[in-house]
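K.L.:
Take this sequence and fold it.
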Amino acid sequence: MEVCMATTSRLHSDIGGLNWNRNRRHHRLKTPSALFTLSKASSNATTSSALLQEKSSSSSSAMEQLDIERGVCVPFRKYTPETVRNKVLESRGAILSLINRGVEIVWNLGLYWSALTYDCFVGRDEEVVPYRARQLRNLLCDLGPSFIKAGQVLANRPDIIREDYMNELCILQDDVPPFPNQVAFAIIEDELGQPLEKIFSKISPQTIAAASLGQVYRATLRETGEDVAIKVQRPGIEPIIYRDLFLFRTLASFLNGISLQKLGCNAELIVDEFGEKLLEELDYTLEARNIEDFLENFKSDPTVKIPQVYKKLSGSRVLVMEWIDGIRCTNPQAIKEAGIDVNGFLTVGVSAALRQLLEFGLFHGDPHPGNIFAMRDGRIAYVDFGNVAVLSQQNKQILIDAVVHAVNEDYVEMANDFTRLGFLASGTDVSPIIPALEAIWQNSSGKGLSDFNFRSVTGKFNQLVYQYPIRIPERFSLVIRSLLTQEGICFTLKPDFKFLEVAYPYVAKRLLTDPNPALRERLIQVLFKDGVFQWKRLENLIVLAKENVAKMNNNPALQVKNKQNSRDWQVQKKLDLTDTIKDGARTFLIDAGIRRQLIMALTEDSRLHIQELFDAYRLVEDDIDIPSVALEVLRDLPDAIRDFMLTWSDSVLSDP
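P.N.:
Now for the predicted structure:
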């Protein structure tokens, strides 16, 4: 508890960029009664027996480690090992069911493991990989929803499973058998407390989609005539999930030694990550809040469509959302026939993904082709928000640091970034990893921007994590899957698509225009290499940033919304560098180190670099309103002078 409170205290000062209310399911204490409940729970824990404390110490430290890695403390958890244990062991019948289930799991997995061992013994292990991978997928389906979900997670964990098995398990993301309609309809009526025909004038006789935890129907609201999507949870799934999670963690405790050697962490920690996400997905009220958060984040973006949620018709097992009438992104012919500009749509999709990752820190964790649609007006639409992940401001800044270190070819710091993000245990010697990172990045980026793709980099990275004690934290496995899936969709729509040709302009614009002080610092790191100012890099950043603005302005989705004038869309017509210039002037005035570097940049090689400065200005002269910028600088001048005087006086007083 002390660690959690300390983490919370630190977050108030360190995570200014993370919207604390955005992730409401984790961070909001609503009432004094809630605080009393938390206090009471803490008191009860304190008065528990010493034996119970000893048993739970390892699980508590595992959950605290997750908090520290993420930079986010979770006061109320749907998952803790203690909660799962108490749920499972609450009755004799439950214990008997647990034993039977344990025997079933051990028997089936034991038979499969024996077959793998036999393959290795007779030397045919490589020959039968496709068959064994398919056998594993079928086995997970037979063992039920918990194992299907585990298979979906393993499909994105190269640190745990081979790539050929990962590819086979990817099938589980789309191909899951549905449960009977009459069962689903009974759950809907029970959750809503009304007969189906009273709420819906019609409902599809077949499922639109089926997943490991639930399935979706299309219906029409009787009162308004609006088409909606109804997501309904599989029957009796919660006790099954709790029981299986308990068994997963029990089995993991026997694998801690191997896991520590191969991944640098306990196997129980991996189960805790999995269990926490799984129980969140089970509660559809949390998914409804996720949708509200995405709606808030993209409310000023006319190129992204997020469905509205009908909260009065939703509960913990049923979720009713606005129906999205879009085209699946795996159908390029239908997209072209609808008259959608493919290049514009791809730009929208990549920009939306990068905004989620680097700007909001709240991103869609499962953007497979069934969850992303192309709207007929050129917008991109997302559905299914059960699996989302949160990156703290600290994590986002480290990711941007990693990009900067890649640009500057600083592989030592790139390796240290892995430790800071939780891929490596604290104190791990990173020196063996540095040459591997250098080889991966140079081989990939050396081909040039046009030939770079995440698939090739990830394939080499998968080999790296298989060789070194690297664990991919759950949230970053979702990031990797998200980027790979969306890049795959882009290739489906346009085989010669260049991901970085869209991503780089967005990152360039963000570095040049974002007012975040941390990004200003990263911009300086990019523009200076070994103490030398990179004039060409500055020009490239400006060109790329202007390209991003131009592409977004020319997008058909924007043109439609501008004609409608239905909302006050915040669209950037030009590359606005006003804040950047104002902050640059302030920094030049009060930061002696930067001032010295800039003066040296203008005078290096014993000549004035007026031509380079003029070339950079010529790139932005059409975008800068000189009188407005001058006015902004003058307005900020008194504060800047005050800060300069304070800095100067501090330096004088600190002199011996």
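
K.L.:
Could you pull out the strands in the protein for me?
P.N.:
200-203, 209-210, 214-221, 227-233, 304-305, 318-322, 327-328, 362-364, 372-374, 380-382, 388-390, 528-529, 532-533 (DSSP state E).

K.L.:
Would you format these as JSON lines with distance to Ile95 and mean neighbour count included?
P.N.:
Just so you know, the C-beta spots here come from the backbone N, C-alpha and C atoms, and that holds for glycine as well. Listed next are the strands of the chain as JSON lines, based on distance: least, Cβ to Cβ, whole Å; neighbours: other Cβ atoms under 10 Å:
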{"stretch": "strand 200-203", "distance to Ile95": "40", "mean neighbour count": "17"}
{"stretch": "strand 209-210", "distance to Ile95": "32", "mean neighbour count": "18"}
{"stretch": "strand 214-221", "distance to Ile95": "28", "mean neighbour count": "20"}
{"stretch": "strand 227-233", "distance to Ile95": "25", "mean neighbour count": "23"}
{"stretch": "strand 304-305", "distance to Ile95": "48", "mean neighbour count": "22"}
{"stretch": "strand 318-322", "distance to Ile95": "31", "mean neighbour count": "23"}
{"stretch": "strand 327-328", "distance to Ile95": "46", "mean neighbour count": "18"}
{"stretch": "strand 362-364", "distance to Ile95": "39", "mean neighbour count": "24"}
{"stretch": "strand 372-374", "distance to Ile95": "44", "mean neighbour count": "24"}
{"stretch": "strand 380-382", "distance to Ile95": "42", "mean neighbour count": "23"}
{"stretch": "strand 388-390", "distance to Ile95": "34", "mean neighbour count": "24"}
{"stretch": "strand 528-529", "distance to Ile95": "64", "mean neighbour count": "16"}
{"stretch": "strand 532-533", "distance to Ile95": "69", "mean neighbour count": "16"}
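
K.L.:
Could you export these as TSV, including distance to Arg522 and mean pLDDT?
P.N.:
What follows is the strands of the chain, written out as TSV (distance: least, Cβ to Cβ, whole Å; pLDDT from 0 to 100):
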stretch	distance to Arg522	mean pLDDT
strand 200-203	51	94
strand 209-210	40	84
strand 214-221	41	94
strand 227-233	40	95
strand 304-305	26	92
strand 318-322	38	95
strand 327-328	37	88
strand 362-364	20	88
strand 372-374	30	90
strand 380-382	27	92
strand 388-390	21	84
strand 528-529	11	74
strand 532-533	16	74
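
K.L.:
and of those, who's closest to Val103?
P.N.:
Evaluated over the strands of the chain, closeness to Val103 peaks at strand 227-233, with 27.0 Å, by Cβ to Cβ.

K.L.:
Adjacent strands (with direction) for that closest one?
P.N.:
Partners of strand 227-233 in the sheet, by DSSP bridges, are strand 214-221 (antiparallel), strand 318-322 (antiparallel).

K.L.:
roughly how far apart are the residue nearest to Gln135 when sequence neighbours are not counted and Asp164?
P.N.:
Among residues not flanking Gln135 along the chain, Tyr112 sits closest, at 6.9 Å (Cβ to Cβ, 6 or more residues apart in numbering). From Tyr112 across to Asp164, the span is 16 Å (Cβ to Cβ, to the nearest Å).

K.L.:
for Asp301, same thing?
P.N.:
Taken as Cβ to Cβ, the span from Asp301 to Asp164 is 39 Å.

K.L.:
between the two, which one's more packed in?
P.N.:
Shown here are Asp301 and Asp164; by other Cβ atoms under 10 Å, Asp301 has more neighbours (22 against 12).

K.L.:
hang on, isn't the more buried one packed against Ala352?
P.N.:
Yes: Asp301 lies in contact with Ala352 (Cβ atoms under 8 Å); the separation is 7.4 Å.

K.L.:
For Gly151, list the residues it contacts.
P.N.:
136-137, 140, 169, 172 (Cβ atoms under 8 Å, 6 or more residues apart in numbering).

K.L.:
Count residues in the vicinity of the residue nearest to it when sequence neighbours are not counted, would you?
P.N.:
Nearest non-adjacent residue to Gly151, counting by Cβ to Cβ, 6+ apart: Leu140, 4.1 Å away. Other residues near Leu140 come to 23 when the count uses other Cβ under 10 Å.

K.L.:
May I have the residues that are in contact with Leu140?
P.N.:
With contact set as Cβ under 8 Å, 6+ apart, Leu140 has these partners: 147-148, 150-151, 169, 172.

K.L.:
Can you tell me how far it is from Lys546?
P.N.:
Leu140 is 49 Å from Lys546, by Cβ to Cβ.

K.L.:
do Leu96 as well
P.N.:
Distance, Leu96 to Lys546, using Cβ to Cβ: 68 Å.

K.L.:
okay, these two: which has more neighbours?
P.N.:
Shown here are Leu96 and Lys546; by other Cβ under 10 Å, Lys546 has more neighbours (20 against 10).

K.L.:
which residues touch the closest residue to the more buried one other than its chain neighbours?
P.N.:
Once flanking residues are discounted, Lys546 sits nearest to Leu575: 5.1 Å by Cβ to Cβ, 6+ apart. Leu575 makes contact with 509, 512-513, 542, 545-546, 549, 620, 623, according to Cβ under 8 Å, 6+ apart.
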